[in-house]
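Engineer: with the input below, show me the fold.
(4 chains)
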There are 2 protein chains.
Amino acid sequence: MSLVERKRQLVRDELTEAALKLLAFQGFEETTIDQMAAAAGVSRRTFFRYFSSKEDVIIEFLSDLGRKLSAALSSRPPSEPPAEAVQNALRVFTDTLWEHPEKSRRLTEIMVNTPALLARYLERQVEWKAALAKDLSTRMPPATSTELTAPVVVAVAFAAYDTALIHWVQQPRDADLNALVDACFAVAFPPS
Amino acid sequence: MSLVERKRQLVRDELTEAALKLLAFQGFEETTIDQMAAAAGVSRRTFFRYFSSKEDVIIEFLSDLGRKLSAALSSRPPSEPPAEAVQNALRVFTDTLWEHPEKSRRLTEIMVNTPALLARYLERQVEWKAALAKDLSTRMPPATSTELTAPVVVAVAFAAYDTALIHWVQQPRDADLNALVDACFAVAFPPS
DNA sequence: CCTCGCGTGGCACTCAGTGTCAACGCTGCC
DNA sequence: GGCAGCGTTGACACTGAGTGCCACGCGAGG
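Structural biologist: The predicted model follows:
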């Protein structure tokens, strides 16, 4: 990584860190961009050169998750049943969180409990779902499926995952997300 | 309804109608509140006395749907299996749309295709889900269910419904929403 | 006739987000 | 060393969303 790139990364981290500190004891709505910028020692204008909106400071950590999700799905063996393939693809989500467990936990907590952020998250999810449904429709057994099958399976999988995520942040800090996800998937896709 | 109430309703309708006209050939983002207010012949300040945000002009039609949904669920017979009860409760959604078919179709189309509006819709849905899950958990067969079962069932039901809704607006104007919903539910809750 | 209540419009203000421009610093080249 | 080019930055101005405040007008009732 070049010098300029590392400098950019430094400012970026400074900004997110400052934002997290402020959000911790004020809310999200109560925190202004001026405050975050000032806390990170840059101007308001510079803030917008790193993040396109106030929500982005928090939401950014799931920015390339869409690509990772698509890649994960298409790398599943074609023989795998659709529901199972999506379920396994969604593990990259948990894996990504596991790279920074404590930070991910904090971020998810804030995200779930802040309507504006949750809305942005769900907004992104709509795109992910569309992409995954497109991929998945190519691997559906043509006999038993309609054009609705793939989208519904994807939507159901995300519904299960989100339910697990929401319950996770309401539990003690060391709760096991994977176990919750598995439990939710077991309800959503009952083993027949 | 008293005189003042009818006057308020008149302004309200004027405002939504004006907004819809403007949104039709400009986008949502491109339409300003000043324009809507001016088109309805009131001041900007008055606009905010009727709608709490720009999105509200469009989203408002599903304002008391949450209450209706909860009522519908609790009026389902206790003997009904949970998934079926939620599915049947969600029919009030379609029924509400059916009260003004052509208008509902337009509104839904705009809503689904405008990220900001879709986000608001999903935001509301989060609340509805929480309420329904709470209701539903009281009618779960205790033997086979955990505390996750009710939330997952509700989330899956909404996932199916939303998938139907999204597909509905991509189809010809006279497409049957009920048929789509039933098809999506059949995938989400396969008859065992 | 007066006044109480309410809907309204106007005004000023904060904050999010964007465009523009001039200054600064680094890098490479003469 | 000086200079040109390029990217980062900060300052300023501007639009649009959303809110608080106050003063005006109007109908209802004493």
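Engineer: tell me the residues of chain A that contact DNA strand C?
Structural biologist: Neighbours of DNA strand C within chain A, by Cβ under 7 Å from any atom of the strand: A:3, A:31-34, A:44-45, A:48, A:52-55. C-beta coordinates here come from the backbone N, C-alpha and C atoms, glycine included.
Engineer: list the residues that contact residue A:36.
Structural biologist: A:15, A:18-19, A:22, A:47, A:57 (Cβ atoms under 8 Å, 6 or more residues apart in numbering or on different chains).
Engineer: tell me the two of those that are most distant?
Structural biologist: By the measure Cβ to Cβ, A:22 and A:47 form the most distant pair in these, at 12.5 Å.
Engineer: list just the nearest of the contacts of residue A:36 to DNA strand C.
Structural biologist: If you rank the contacts of residue A:36 by distance to DNA strand C using Cβ to the nearest atom of the strand, residue A:47 comes first, at 8.1 Å.
Engineer: OK, contacts around that closest one?
Structural biologist: Residue A:47 touches A:15, A:33, A:36-37, A:40, counting by Cβ under 8 Å, 6+ apart.
Engineer: DNA strand D: which of those residues is nearest?
Structural biologist: residue A:37 (7.5 Å).
Engineer: what helices and strands are in contact with the strand or helix carrying residue A:133?
Structural biologist: Element membership of residue A:133, judged by DSSP states H and E, is helix A:115-137. Here helix A:115-137 touches helix A:56-59, helix A:65-74, helix A:82-89, helix A:101-113, helix A:149-168, helix B:115-137, going by 3 or more Cβ pairs under 8 Å, 6 or more residues apart in numbering or on different chains; DSSP states H and E.
Engineer: so which of those is the most surrounded?
Structural biologist: Of all these, helix A:149-168 has the most neighbours on average by mean count of other Cβ atoms under 10 Å in any protein chain shown, namely a mean of 24.
Engineer: which residues does the helix or strand just after that helix contact?
Structural biologist: The C-terminal neighbour of helix A:149-168 among helices and strands, as given by DSSP H and E, is helix A:177-188. By Cβ under 8 Å, 6+ apart, the surrounding residues in contact with helix A:177-188 are A:87, A:90, A:94, A:97, A:156-157, A:159-161, A:163-165, A:167-168, A:171, B:146, B:148-149, B:152-153, B:155-156.
Engineer: still on that earlier bit, redo the helices and strands packed on helix A:115-137 as CSV? Include mean pLDDT and distance to residue A:184.
Structural biologist: Converted to CSV, the helices and strands packed on helix A:115-137 look like this (pLDDT from 0 to 100; distance: least, Cβ to Cβ, whole Å):
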stretch, mean pLDDT, distance to residue A:184
helix A:56-59, 95, 23
helix A:65-74, 95, 17
helix A:82-89, 96, 10
helix A:101-113, 93, 15
helix A:149-168, 98, 4
helix B:115-137, 96, 12
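Engineer: which residues sit in contact with residue A:90?
Structural biologist: By Cβ under 8 Å, 6+ apart, the contact set of residue A:90 is A:69, A:72, A:157-158, A:161, A:181.
Engineer: pull up the gap between the residue lying closest to residue A:139 once chain neighbours are set aside and chain B, please.
Structural biologist: Distance criterion Cβ to Cβ, 6 or more residues apart in numbering or on different chains; nearest residue to residue A:139, sequence neighbours excluded, is residue A:78 at 5.8 Å. Separation of residue A:78 from chain B (Cβ to the nearest Cβ, to the nearest Å): 20 Å.
Engineer: alright, calling it a day.
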